[in-house]
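Student: A predicted structure for the sequence below; I have some questions about it.
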Amino acid sequence: MDLSETQIHRYARHIILPEIGGIGQAKLLAARVLVIGAGGLGAPLVQYLAAAGIGTLGVADNDAVDLSNLQRQVIHRTSDIGMAKAESARQAAAAINPDCRVVAHLQRVTADNVAGLVAQYDIVADGSDNFATRYLLNDACYLARKTLVSAAILRFDGQLSTWKAYLGPPHPCYRCLFAEPPPADSVPSCAQAGVLGAMAGTMGALQAGEIIKEVLGVGDSLSGTLLLHDALAGRFDRLTISRNPDCALCGAAPTIRDLDSPAARASYGAVDAG
């Protein structure tokens, strides 16, 4: 892909980086990334991916903008209250960069439609706010052989990792770390426990950086590593994640072979992306 003079000027600070250059920027312009959730994580994630020149950006969310969202979901404005989040994010991203084709998927992400969504993209970014969606995306991306970059935030804490167990050992999947979802209501939601608004920006920006690295094939992937951030302590920690040979999804004798497997359905079913 040849860059236009306008694109060379727009992406000049990327192009000057040896790890990116003109060839790398062309890769970004050809990339297709699906963002699940246009909320706290999805907001900065969509903004930075659009600004970086991701050529096709899908945003899946069936929720509408609410006043309580605006403390952290910075892609939305007060005037957007009541608008579908995916559409609000689409309009904002298109205004940031006309090079970026933004597709708004105004729908719940469920076991029945996730495969069709994931198939349209190269990389999936999980910005959801519930465990059911995280397990669903983990399974769907593994089965479709797609890289998943996932982040989560609560109170003053955040975590981030990249999942590509489809490449084989030593790469783990999300189920290698957490074999099963926690009991219902054992982990509070952001609405119940609160979340520092700026944490969404921190983790969403880090998530965008990891996606760009995966598109370009540069740097050290977070596959096999869980990055933890404690905003109160101002500290980052890294934990090594080993592949579980007994994992129900990516282990030697998997019990989850498709999204209709009983073990899979027990983890999600019909879920909301937020």
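Tutor: Thanks, I have the structure now. Here the structure is a predicted model, which means the values were calculated and not measured.
Student: relative to Arg72, how far out is the residue nearest to Asn113 when sequence neighbours are not counted?
Tutor: Nearest residue to Asn113 in three dimensions, chain neighbours excluded: Gln107, at 6.6 Å (CB to CB, 6 or more residues apart in numbering). Glycine gets a C-beta too; all of them are placed from N, C-alpha and C. Relative to Arg72, Gln107 is positioned 23 Å away (CB to CB, to the nearest Å).
Student: between those two, which is the more surrounded one?
Tutor: Between Gln107 and Arg72, counting by other CB atoms under 10 Å, Arg72 is the more crowded of the two (22 against 13).
Student: surely that one is in a strand?
Tutor: No: Arg72 is assigned coil when assessed by DSSP: H, G, I helix; E, B strand; the rest coil, not a strand.
Student: does it touch Gly197 like I think?
Tutor: Yes: using CB atoms under 8 Å, Arg72 makes contact with Gly197 at a distance of 3.7 Å.
Student: overlap in contacts, the two.
Tutor: Gly40 (CB atoms under 8 Å, 6 or more residues apart in numbering).
Student: what about this protein, any weak spots by pLDDT?
Tutor: Residues of the chain meeting the criterion pLDDT under 70: 184-188, 269-274.
Student: quick one, helices of it?
Tutor: 5-10, 12-15, 21-30, 42-52, 85-96, 114-118, 131-144, 174-177, 190-193, 197-216, 262-265 (DSSP state H).
Student: now those helices in TSV, with mean neighbour count and distance to Ala252?
Tutor: Listed next are the helices of the chain as TSV, based on neighbours: other CB atoms under 10 Å; distance: least, CB to CB, whole Å:
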stretch	mean neighbour count	distance to Ala252
helix 5-10	13	47
helix 12-15	14	42
helix 21-30	18	35
helix 42-52	26	34
helix 85-96	22	39
helix 114-118	19	24
helix 131-144	24	15
helix 174-177	23	12
helix 190-193	12	37
helix 197-216	22	26
helix 262-265	15	15
